[in-house]
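1. Structure for the following, please:
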Amino acid sequence: MILTSSDQSVPIYTLDRDPVFKGKLFSMVRFDGTLTHQSELLAPHRKDYYMLVFARRGDSRHWVDMTPYVTKDNTFYIFSPNQLTVKEEPKPMWGTALAFTSEFLALQESTALGNLPLIRNPQNAHELRLSADDVLFTEDILAKIQAEYIRPGEWQQRLVTAYLTVLLTYLSRLYTEQFANEPFSVDKLLLKKYQALIDEHFRELHQVSEYASLLNVSAGYLSEVVKAQSGRPAITHIHARLVLEARRMLFHTQHALKEIAFELGFSDASYFSRFFKRETDLSPAEYRAATREMYQ
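-> Numbers count the residues shown, from 1 in each chain. Predicted coordinates for the structure are as follows:
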């Protein structure tokens, strides 16, 4: 599926329709001299999922948020959702790519993965340098993830998540060492502050104007900056966070729809149901049944 934002021609690619990954929530691909993502050449786009790439070898050129990069050997690359990306030239690459959605993070037994520096990416960083020891560790964990990923069974999801947690935690330590003191633009800072406030207040604050007040800016200015930096209207960030939490509660708890609606700040269950259906194309009951079947 390709979604197009209302006032831009830049498409947003979803994981379930990606020709390389072909997964709904999580996917993994190894590259051995592969020409990756050929269909995206010279096509500006955004992805609505996280993509993490360990480049063992390669020298292709790509752009992220209008900054050019040439792929370096033994480097870990971070692609966060909604970054503007362009792949410029087809060159072979050796390495491994992981892709997963915000929903995948929310459905884990611990939601702490979503709070790791590598995932939050407050510096809007892209390249993570690896030492020789870092490369050995990364390759070992990626091999373990790969072994479980291709081995279906009742323990697959738990083991993949466990190894992924170790990898992302390790790389988050490297992230803080390399990027903690680097400055970034005022507009990017405003977007990150907005997203952090949503995480803190999404249960009680559902309007952009309420967050603008907390940030001491006008609602119009906040909306303009958020749209320019993320490619999505400011209100969709609030809606996406509500849907993410609703999905987590539907999957992990036995709470009735009324209880979930109340906890998320909706006035009644029917309004919440209409909201969830509009955002996901599934009713809460349909989503609960589908995800539990998927993870059995």
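
2. Isn't residue 46 up against residue 64?
-> No. Counting by C-beta atoms under 8 Å, residue 46 sits too far from residue 64 to count as a contact (10.5 Å). (Glycine included, C-beta is placed from N, CA and C.)

3. Could you look up the SS state of residue 96?
-> strand (DSSP: H, G, I helix; E, B strand; the rest coil).

4. Relative to residue 104, how far out is it?
-> Computed with C-beta to C-beta, to the nearest Å, the distance linking residue 96 and residue 104 is 17 Å.

5. same thing with residue 158?
-> 13 Å.

6. which of those two has more neighbours?
-> The neighbour count for residue 158 versus residue 104, taken as other C-beta atoms under 10 Å, is higher for residue 104 (22 against 14).

7. What are the boundaries of the strands in the protein?
-> 2-4, 11-13, 26-35, 46-47, 50-58, 61-64, 67-70, 75-79, 85-87, 92-100, 127-129 (DSSP state E).

8. Below-threshold pLDDT in the stretch 51-200 of the chain: ranges please.
-> Low-confidence segments of the stretch 51-200 of the chain (pLDDT under 70): 108-111, 181-184.

9. Could you rerun that using 80?
-> Applying pLDDT under 80 to the stretch 51-200 of the chain flags residues 65-66, 88-91, 106-112, 122, 180-185.

10. Tell me where it has helices.
-> Taking DSSP state H, counting those that start in this stretch as the test, the helices found in the stretch 51-200 of the chain are 102-106, 117-120, 132-149, 156-179, 186-201.

11. Please compute how far stretch 120-129 lies from its chain's middle.
-> Put simply, stretch 120-129 sits 13 Å off its chain's centre (C-alpha atoms, centre = their mean, to the nearest Å).

12. Repeat that for stretch 61-68.
-> Centroid separation for stretch 61-68 versus its chain: 18 Å, with C-alpha atoms, centre = their mean.

13. Please list the outside residues in contact with it.
-> With C-beta atoms under 8 Å, 6 or more residues apart in numbering as the contact definition, stretch 61-68 has outside contacts at 69-71, 79, 83-89, 124, 126.

14. and stretch 71-85, how far apart are its ends?
-> End-to-end distance for stretch 71-85: 14 Å, by C-alpha to C-alpha, to the nearest Å.

15. which parts of it are buried?
-> 71, 74-85 (16 or more other C-beta atoms under 10 Å).

16. And the furthest pair within these?
-> Using C-beta to C-beta, the two most remote members of those are 74 and 82, lying 27.4 Å apart.

17. re the thing from before, dump the buried residues of stretch 71-85 into TSV; add distance to residue 283 as well.
-> Below are these laid out as TSV (distance: C-beta to C-beta, whole Å):
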residue	distance to residue 283
71	44
74	47
75	44
76	40
77	38
78	35
79	32
80	30
81	25
82	27
83	32
84	34
85	34
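
18. Distance to residue 56 for the helices of the stretch 51-200 of the chain - can I get that in a markdown table?
-> As requested, the helices of the stretch 51-200 of the chain are exported to a markdown table (distance: least, C-beta to C-beta, whole Å):
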| stretch | distance to residue 56 |
| --- | --- |
| helix 102-106 | 24 |
| helix 117-120 | 19 |
| helix 132-149 | 8 |
| helix 156-179 | 15 |
| helix 186-201 | 30 |
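
19. To residue 266, which of the ones you listed lies closest?
-> Among those, helix 186-201 sits nearest to residue 266 (C-beta to C-beta), with 14.9 Å.
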